[in-house]
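Trainee: what follows is a predicted structure for the sequence shown.
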Amino acid sequence: MDKGQGTYGVSDIEYDLVTSLSNLLEGMEALQKYAQDAEQAGDQETATAFRTLRENNRASAQQLRSALGRHISSGS
């Protein structure tokens, strides 16, 4: 599927990085809500699990941002 260059004028890898980053950030918002829901239900173990997943996503988002920066600066 050639979404990037053909449709949006960016390379496929840039498109993939931006889309993946967006999905991770949206997921982080959802995980924050889920952690709050678990906390309100009195389930600290599940709240902690959701927060751990959120932090893992944060680390992944940083990796993607770094990769995107490399691709943008190289103009590829």
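Mentor: Structure's in. What do you need?
Trainee: tell me which helix or strand comes right after the helix or strand containing Glu26.
Mentor: Following DSSP states H and E, one finds Glu26 within helix 12-40. Downstream of helix 12-40, the first helix or strand assigned by DSSP H and E is helix 44-74.
Trainee: follow-up on the earlier one: by how many degrees do the helix holding Glu26 and helix 44-74 diverge?
Mentor: 160 degrees (axes from the mean of the first three to the mean of the last three C-alpha atoms, to 10 degrees).
Trainee: could I get the average pLDDT for helix 12-40?
Mentor: Averaged across helix 12-40, pLDDT comes to 96.
Trainee: over to stretch 56-76?
Mentor: Stretch 56-76 comes out at a mean pLDDT of 91.
Trainee: Ser20 against Gln63, yeah?
Mentor: No. Assessed by C-beta atoms under 8 Å, Ser20 is found out of contact with Gln63, at 9.9 Å. Placement of C-beta: from N, CA and C, glycine included.
Trainee: more neighbours, these two?
Mentor: Ser20 (16 against 13; other C-beta atoms under 10 Å).
Trainee: state the distance from that one to Gln44.
Mentor: Distance of Ser20 to Gln44, given as C-beta to C-beta, to the nearest Å: 31 Å.
Trainee: ok, the residue nearest the centre of the chain - contacts?
Mentor: The chain has Leu24 as the residue nearest its centroid, 1.8 Å off, counting by C-alpha atoms, centre = their mean. With contact set as C-beta atoms under 8 Å, 6 or more residues apart in numbering, Leu24 has these partners: 57, 60-61, 64.
Trainee: same check on Gly27?
Mentor: Going by C-beta under 8 Å, 6+ apart, Gly27 touches Asn57.
Trainee: ok, the closest residue to Glu14 other than its chain neighbours to Val18 distance?
Mentor: Nearest non-adjacent residue to Glu14, counting by C-beta to C-beta, 6 or more residues apart in numbering: His71, 5.3 Å away. According to C-beta to C-beta, His71 and Val18 sit 10 Å apart.
Trainee: cool, and Lys33?
Mentor: Noted for Lys33: a distance of 23 Å to Val18, by C-beta to C-beta.
Trainee: that's all I had, so thanks and see you.
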